[in-house]
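let's see this in three dimensions:
(one chain, ligands or ions: 1)
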Amino acid sequence: MNVAFVAHDQKKKELVNFAIAYQNLFQSHHLFATGTTGQLIMDNTSLSIFRFKSGPLGGDQQLGAMIAQNDLDLLIFFRDPLVAQAHESDISALLRLCDVYGIPVATNMATAELLVRGLQRGDLDWRDVIHANQPVNITNRKETSADKRKNEEASLPLENIK
Ligand SMILES: O=C(CO)COP(=O)(O)O
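The predicted structure is shown next:
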């Protein structure tokens, strides 16, 4: 499964602890994150994460693009409900797309626990049916030379993808 992590600054520690607690489970999935969140998780675990840009610089929108292609299976987004974010519209757009595409999303630890235990039990295996019926998806597609050039231009750290 393709799992993405995002946390606002006041929630990053909580998400890092969550990732540590479920490290063994997450190891067998393809992981994605916004820039700073992904870096912090990698610094504190042995998980390998494909990092997009930082949230305020477009990372939420990049994750939104994954969802629009039906490439994301689970979003764990510990958002801060007490602090206004400069990129609030990007955050709303990301969460909206989860509803448009029916993507399981947890915005707090209590829900994340439930979803991750569901992931562990195979409750999200229906997502495999969706992937199987997609002509191309982000985890099984072969990178063409055009892809490579585009990715290099965008400076995405492709070596971090599992
Ligand atoms: O702002 C964010 C999500 O809206 C998170 O971005 P970072 O992980 O780069 O801090």
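
could you find the closest non-adjacent residue to the residue in the chain that the ligand sits nearest to?
Going by CB to the nearest ligand atom, the ligand is nearest to residue 55 of the chain, at 2.2 Å. In short, each C-beta sits where N, CA and C put it, glycine included. Spatial nearest neighbour of residue 55, excluding adjacent residues (CB to CB, 6 or more residues apart in numbering): residue 34 at 4.6 Å.

contacting residues for that neighbour?
Residue 34 is in contact with 5-6, 51-55, 59-60, 63, counting by CB atoms under 8 Å, 6 or more residues apart in numbering.

run a quick neighbour tally on the residue of the chain closest to the ligand.
28 (other CB atoms under 10 Å).

circling back: how much space between the residue nearest to residue 55 and residue 24?
23 Å (CB to CB, to the nearest Å).

circling back: relative to residue 117, how far out is the residue nearest to residue 55?
Taken as CB to CB, the span from residue 34 to residue 117 is 24 Å.

ok, now residue 1?
Distance from residue 1 to residue 117, by CB to CB: 14 Å.

among the two, which residue is more densely surrounded?
Neighbours per residue (other CB under 10 Å) separate residue 1 from residue 117, with residue 1 holding more: 18 against 12.

name the nearest residue to that one, sequence neighbours excluded.
Distances taken as CB to CB, 6+ apart place residue 73 nearest to residue 1, at 4.1 Å, with adjacent residues excluded.

so what's that neighbour up against?
1-3, 103-104, 124, 127.

secondary structure class of the spatially most central residue of the chain, three-state.
Nearest to the geometric centre of the chain sits residue 4, at 1.4 Å (CA atoms, centre = their mean). At residue 4 the chain is in strand, as set by DSSP: H, G, I helix; E, B strand; the rest coil.

next one: residue 84
Under three-state DSSP, residue 84 falls in the coil class.

send over stretch 26-46 as CSV, restricted to the C-alpha atoms.
What follows is stretch 26-46, C-alpha atoms only, in CSV (Å, rounded to 0.1, in the frame of the first residue of the first chain):
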residue,chain,number,x,y,z
PHE,A,26,5.2,0.6,7.8
GLN,A,27,8.4,-1.1,6.6
SER,A,28,6.5,-3.3,4.3
HIS,A,29,4.6,-0.4,2.6
HIS,A,30,5.6,2.4,0.2
LEU,A,31,5.9,5.5,2.2
PHE,A,32,5.5,9.2,1.2
ALA,A,33,5.5,12.4,3.1
THR,A,34,5.7,16.2,2.9
GLY,A,35,9.3,17.4,3.2
THR,A,36,9.9,18.2,6.8
THR,A,37,7.7,15.5,8.2
GLY,A,38,9.3,12.8,6.1
GLN,A,39,12.8,14.0,7.1
LEU,A,40,12.0,13.8,10.8
ILE,A,41,10.5,10.4,10.5
MET,A,42,13.5,9.1,8.6
ASP,A,43,15.9,10.7,11.2
ASN,A,44,14.1,8.8,14.0
THR,A,45,13.3,5.5,12.4
SER,A,46,14.9,3.2,9.8
